[in-house]
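Enquirer: have a look at this fold, sequence not included:
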């Protein structure tokens, strides 16, 4: 959520705010990496391009972590301020979104550990062939009975997610809300790939057990 002025309040670099300049390319043409390079070169307007591009998904991810929309919006401001302040440490060998979600996840977990707040909802779930929870495909129009059953199942899922340990919540949401790959999840969490897969497996098993208790 940008301030009323339409611009994100960014921290100072070297004791001053870099002058705003016109973007060097339209948002739809500038890649994430090109936008980062432009910001570091002094084109701070390109940072607003990144904010506009990722603000909604980051707020959505944070909302699912902390279960409070206003808080998620506030935390998203913290996330983008942290991103701007450490932009010169971004490693362009990795996707910008992987680095961005790592900062967002850390921000949410820090808050949850301080306040011990629960998370909430995935999108309307269904089971895939490998047992993963998947979002309801666009275009499907289930009958009222199926809608009711899906709503009941979603309620059980939400309550169960709230009871997961924070580390398990993070993995479940990175996989099923942010839709990151296993390799990206490993980069976000800073854990080995095998550890991520094992913990996600245990998280799913724990989640299923909790959902059975809700039945």
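Expert: Looks like it arrived, so ask away. Fair warning: this is a prediction, and the values are worked out from it, not measured in the lab.
Enquirer: so residue 178: helix, strand or coil?
Expert: coil (DSSP: H, G, I helix; E, B strand; the rest coil).
Enquirer: surely it and residue 100 touch.
Expert: No - Residue 178 is beyond contact range of residue 100, at 9.8 Å (criterion: Cβ atoms under 8 Å). No exception for glycine: its C-beta is placed from N, CA and C like everyone else's.
Enquirer: of these two, who's got more company?
Expert: Comparing residue 178 with residue 100 by other Cβ atoms under 10 Å, the one with more neighbours is residue 100, at 24 against 21.
Enquirer: please, which helix or strand holds that one?
Expert: helix 96-115 (DSSP states H and E).
Enquirer: buried stuff in that helix?
Expert: With burial defined by 16 or more other Cβ atoms under 10 Å, the residues of helix 96-115 counted as buried are 96-109, 111-112.
Enquirer: from those residues, which two are the most distant?
Expert: Between any two of these, the greatest separation by Cβ to Cβ is 24.5 Å, found for 96 and 112.
Enquirer: what ranges do the helices span in the protein?
Expert: 32-40, 45-66, 69-85, 96-115, 144-162, 166-176, 182-189, 193-214 (DSSP state H).
Enquirer: OK, contacts around residue 80?
Expert: Remark: with contacts taken as Cβ atoms under 8 Å, 6 or more residues apart in numbering, residue 80 is in contact with 8, 50-51, 55, 58.
Enquirer: need these in JSON lines (columns: distance to residue 192, neighbour count and pLDDT).
Expert: As requested, the contacts of residue 80 are exported to JSON lines (distance: Cβ to Cβ, whole Å; neighbours: other Cβ atoms under 10 Å; pLDDT from 0 to 100):
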{"residue": "8", "distance to residue 192": "35", "neighbour count": "21", "pLDDT": "57"}
{"residue": "50", "distance to residue 192": "29", "neighbour count": "23", "pLDDT": "94"}
{"residue": "51", "distance to residue 192": "32", "neighbour count": "21", "pLDDT": "94"}
{"residue": "55", "distance to residue 192": "31", "neighbour count": "18", "pLDDT": "94"}
{"residue": "58", "distance to residue 192": "26", "neighbour count": "26", "pLDDT": "94"}
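Enquirer: not counting its own residues, what contacts stretch 205-215?
Expert: 156-157, 159-161, 163-164, 168, 172.
Enquirer: any of those buried? List them.
Expert: 156-157, 160-161, 163-164, 168, 172.
Enquirer: tell me which two of these sit farthest apart.
Expert: Pairwise distances across these peak at 16.5 Å for 156 and 168 (criterion: Cβ to Cβ).
Enquirer: what's the neighbour count on residue 78?
Expert: When neighbours are defined as other Cβ under 10 Å, residue 78 has 16 of them.
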